[in-house]
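Visitor: Starting from these lines, generate the structure:
(3 chains)
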Amino acid sequence: MSQVAESSHAPTSTGIDHKKLIMWLFLASDCMFFGTLISTHLIYRKLYPTGFTDAEGHQHFVQRLFDIELTSFSTFILLMSSFLMALAVSAMHKGQIKSFRRNVLGVIIFGLIFLGCQVYEFTHFYHMGLTIQNSVFGSTFYVLTGTHGTHVAIGVLWLILLYFYSFTGKLGGHVGALDVEVAGLYWHFVDIVWIIIFTVVYLIEYLGPNGFWGTGLPIAK
Amino acid sequence: MFQVRKRVQADACQCDSFRELRWRLTLIFLMFSRFFHRVGILVLPFLGLLMTACSRADLEVRQSTLDPKGPVAQVQYDVFMDTVYLVIVLFVLVGGLLVYAVARFRSRAGEVVKPKLEEGHGNPLVEIGLITASIGALVFIAIPTLSAIWYTDDVPKEAVATSKLSAWYPRVDANGKENYAKEVEDQVLEIDVIGKQWWFRFEYPQLGLTSDAKRTVPNEFYIPRGKAVRINLRSEDVIHSFWVPKIAGKVDLIPGRKNYMWIQADELGHYYGQCAEFCGDSHAYMLFRCEVVEPEVFAQWVKSQKTDAAPVVAGSKAEKGKALFAAKTCAMCHNISGHFGAGNFGPDLTHLASRKSLAGAWLDNRDPKAQLALELKEKNTEASMPVDPAQLKANLIKWIGSSGVAHGADGKPTPDVKPGNRMHYYKMFNVVGLRESHQKFTDEELDALAEYLLTLK
Amino acid sequence: MSHDTHHAPVASKLDLAPERSDLGLLRPDRSTGLMDWLTTVDHKKIGILYGAFAMFFFLLGGVEALAIRTQLARPDNDFVTARMYNQLFTMHGTTMIFLGVMPLSAAFFNFLIPLQIGARDVAFPRLNAFSLWTFVAGSFVLNASWLFEFGHLAGWFKDFAWYKSLVYTDFAPANGWFSYAPLSGTFGQADAALHAPRFTGVGTDFWIIGLQILGVASLAASFNFICTIVNMRAKGMTMMRLPVFTWMTLITAILIILAFPAITVALIQLMFDRQFGANFFNPSAGGQPILWQHLFWIFGHPEVYILVLPAMGIVSEILPTFSGKSLFGYPIIVFSGAVIGFLGFAVWSHHMFTTGLGAVPTAAFALLTMAIAVPTGVKIFNWLGTIWGGRIRFTPPMVLALGFIWMFMCGGFSGVMHSSAPADSQQQDSYFVIAHFHYVLLGGVLLGLMAGLYFWFPKIFGRMPKASVAYVASGMVILGFNLAFGPMHYLGLAGMPRRTHTYHAGMGWDTWNFVATIGAFILGIGVFLAFANLVWTAFKGEKCSSDPWDGRTLEWSLPSPVPEYNFARSPIISARDAYIEHKHGGHKIGYESDGGEAGVHMPSQSWMPMLASFGFLLIGMGMPMLAMMIPHAGWIVIAGIGILFLGIWLWALEGPGGYMLKTPSGSTSPSPVSATSSTH
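Guide: Predicted structure coming up:
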């Protein structure tokens, strides 16, 4: 062969490309990582169902703190970004570099909107009296969602680099499609983790007559 | 369902079975001695250990887990011995097979080994047989394990009848004073153990020996013989662990968590305990003692704990010492009922001179030679000499004057008795230790202070 | 248009023309000497580097242990202070586990896996180099704490403002290798600077960040190895024809990627508690210290299987070789390894039997712990079955492997004793536990790894270690080890708690502590001798053939030392134990028609993995310095993050490169005599 085969071109025992397999392995590990953070949050919710107390000693209910409309919006945005990501991957497979660029730009923008909503939300909660220091809820909530946000930010950075790289003409062919697909896997994972977080951290607070964890704000009122 | 097990009389020797064991192992060892030069290095120290570590005295040292003196420790010991028996059987079988195989199937000198090339499927029958046998062997220890877990978890119902307070402790004493409230008379005795760096505080909430009443018991606690006692375990800082091996296995003191256990000691004596969870610089110095006395003596002890310290004799060195106690800021942390009531941070010193140990039970207030001789003579590590005033005084001077607040005979600042200890080193939350606040003690001051503390019986 | 630029096959990489990467920087493919070792992506060289570092840290951890034993030889001793002792036992444990055993296992994974599966390298060679250099960075960060401690003791810092402002002056970690909260964490309210009061100083911060960096290295390596084993097997090398060592490596790597996240999260939470006033483990704010224990041990228990499974894999290779028989019950041994890995996630609270979990959880974990003894026992039975009916040759690796079985069996017995929670309530936190885990880790894992070193050394260096020295060293190790740790069973049952820097006379512990110290020194000399033998042999040892043991697996079919391209032609496998079948049985190894004059693809060397790891080094040094409030330490952390990202970015952009290396053509079956040239 005149063209030197790269290691990722060589036939693999499973038929799955190395890069794709290693991304799946990384995502399996990241599952355990988020699972641990989510478990910590849930354990402490069960232990302290009444929410948190701020610096002045005022009791806050989590349901009142959360702005579920905003969070639903940002969740929707992230879901849509996954859809655009899928389109980007598909475009790359078909070699349609311009379509790829449009879709990836969409993913980046939606990702930034999501991050913007997160930043706004954190600032809002901070002004309502929730800090990392003043309660267990603050610690678990901010670290969990902050870690997720960091994952999103790293994804956005990666996609920005891919976007600009696509202008060099070096992103293409089988390798290009593979690289984009792997980035897509990461992005979808980050999205799925968010769905889980949104459900068990946000939505669940509104389940049941007194909030899921009990002794919360009576919903019926 | 579960019997409160009585401690079998001391002479019924676990050691008899050990002696027999020793003999059996020696036989097995001799059988294989032809192969000693190949595997002896592997076998010898292990067997040697088993054989020599087995004298009675070695099994009954102060913190031995193999000399149970109460039902909880007994049950834990019995379960342990079940595992020992199982392990010995496995060791003989599997270890024996290994030694045999190594001996029998060794290649001879000069032999050229042509490798066999079977499929390596193994033998399913053998495999399944061995797996089944393993599971069976584990069931052998699983059943006593489960039984013991439930037995040791909390005071057994059948023990409550004899151990509840009203069964052995008169509710009202001879003078008409209440020893404990009517609401608690059907409870067993409860002791709150509060772990701190690096000592234990004991409180008896039912009997009025509490922090609020400013009558707490540091480091040496009393329990009545033969009665079940419930222990509540709390910590004020880091994780500690409460371990008096001859009475019970340990349970941790975890801050923010309400752990509990129950104990019962069936023999009188002075028992040795130690913190068994690493808790910082002076973890090794965090010991404590348990005094097991007859119920009447226990009642007397409680009464004495509720009395204030006697006034000091005017003009004595002790009076000077008492003044120093205030001047050197000791009173900020230590309570002496009747003399100084402001402090509750450090150990309560009201009955300091009646305690057999000091500084987290690290320093012993008994004459060391006499104590050892007594233990040897009685063949009983729970036997105890009384407090030796000279030893106590020396310990007080050494302890208070440690960590550089005084100078030793060589003129150099004194070393630490307990590095990082609160009395000398604390520097937080407006409480400042002796060393951190640059207190200095001369020899005369230490002497006077010790004389004062000696009066606190 | 392709990324690869070295088109024409060359006989040696020194014949390559200078080549630039996609970034325009020179690729270090033609480097020799030190540069070659620093930029290597060759799994064999990386394995040797891992091994060298591991042996160094084993000796360092051993010195720490000997200091501990010296202190404990006599009651009321003052050889070291309490604080120093606490630092010693913490660093001893952390060093031995993370800087000794794990990298030594990694050395074997690196060197052997591609050879055993018939591949030319791992799936991601540069990621492999990154794992190595990140490990080096983490080990440096962890031990830098000692440098600070010595500086503190020597008074170097006493005039600095930051030093004078420190509340605590412990610089090396001193909370034990599992560093329970809240001793390692915080209590009380955070102040305006977001710091809550702590119990310990910056030693804990070194420990946290050091372990995080080491975790990254382990994770990256594990991703790489799973991908390699699953995806790069030679034709005909089905999963059930893999050598057992490869299987154990695969299971170990899976355990790592699933278990390390738990400790990663626990460390992040602890760091947030300490640095940002969070409340994960702060009891005053409702934090639960027991959560730390759960998270740590959810990692910590699989971790001990991560430590032992590779050694079991090694022993499973050595026993058949020197018994002249194949492994008894190969499928069961593989399956039991998988079951041990799986059940390993179900038993973690047996480390917490004394924390007041409640009767039901205690019972559940006790039963599960007993259950895990079954697959372990199965392995021992199968090893017995392997040597049964064979013809045993007592070479040094075989003696060590047999020692492994014996010692691991004893350690397993004390483990069964621990599994019974009521018995454990007396044994926990005493010397009995120390005896147990040293029997499995030292008597088991270390002997297994040493057996592997002596077994594969001839393959790695083409020289045979001196057998006489090996026997003496092995004897000293086994004797010293039993003398040191055997008595500790008694000491624990006699009530001596662990992690205590001293004890009084009159407790009945004096004699056996002294004996244990003697044993420890004999052990130390034995280990040193065993390692020194290897180091000496690497340079001056007697050369040997490429298959001195009549080996069974593929690596023995290659010349010693192994050439850069591993296989001149890729093998085609048709049986388990492919090489022994090839030599003595009916299934010959076939060979593909790759290689020869057309060459095989070799990955390019690179600086970028090391650059990225250097970023970790800066982060690791900067964060504790930030905690000490050393001026400008924050810039070091930021620089570290920047260099990390830069390194990764350049790594991505430089392109994989690669060149074609010619391999010897000629006969398709491997020659049993080694090539005398070494093209490194």
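Visitor: which parts of the stretch 201-350 of chain C sit against chain B?
Guide: The stretch 201-350 of chain C has residues C:283, C:286-290, C:323-332 near chain B, with proximity defined as C-beta under 8 Å from any C-beta of the partner chain. (C-beta placed from N, C-alpha, C; glycine too.)
Visitor: Restricted to helices, list the residues you listed.
Guide: Using DSSP state H, the subset of those located in helices is C:289-290, C:323, C:330-332.
Visitor: What ranges in chain A fall below the confidence cut-off?
Guide: Scanning chain A for pLDDT under 70 picks out A:1-9, A:216-221.
Visitor: how about 80 then?
Guide: A:1-10, A:54-57, A:209-211, A:214-221 (pLDDT under 80).
Visitor: can you pull the contacts of the residue in it positioned nearest to chain B?
Guide: Proximity of chain A to chain B (C-beta to the nearest C-beta) peaks at A:L47, 10.1 Å away. Residues near A:L47 by C-beta atoms under 8 Å, 6 or more residues apart in numbering or on different chains: A:136, C:286, C:288.
Visitor: Include neighbour count when you put the residues you listed into CSV, please.
Guide: Listed next are those as CSV, based on neighbours: other C-beta atoms under 10 Å in any protein chain shown:
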residue, neighbour count
A:V136, 24
C:G286, 17
C:Q288, 24
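Visitor: Can you tell me how far the residue most central in space within chain A is from chain C?
Guide: The centre of chain A sits closest to A:V190, judged by C-alpha atoms, centre = their mean, with a distance of 3.6 Å. Going from A:V190 to chain C by C-beta to the nearest C-beta, to the nearest Å gives 15 Å.
Visitor: Was I right to think that residue contacts A:T150?
Guide: No: assessed by C-beta atoms under 8 Å, A:V190 is found out of contact with A:T150, at 10.1 Å.
Visitor: mind checking the longest helix of chain A?
Guide: Longest helix in chain A, counting residues (DSSP H): helix A:97-128.
Visitor: tell me, how many neighbours does residue 48 end up with?
Guide: No chain specified, so I'll use chain A. Neighbour count of A:Y48, defined by other C-beta atoms under 10 Å in any protein chain shown: 17.
Visitor: ah, I was thinking of chain C
Guide: Residues near C:I48, counting by other C-beta under 10 Å: 20.
Visitor: Doesn't it belong to a strand?
Guide: No: membership of C:I48 in a strand is not supported by DSSP: H, G, I helix; E, B strand; the rest coil, which gives helix.
Visitor: Assign the nearest residue to it once chain neighbours are set aside to helix, strand or coil.
Guide: Counting by C-beta to C-beta, 6 or more residues apart in numbering or on different chains, C:I460 is the residue found nearest to C:I48 once chain neighbours are left out, at 6.8 Å. Here C:I460 is recorded as helix under three-state DSSP.
Visitor: Could you single out the nearest of the residues of the stretch 201-350 of chain C next to chain B to B:A137?
Guide: Minimum distance to B:A137 across these is 18.5 Å, recorded for C:I332 (C-beta to C-beta).
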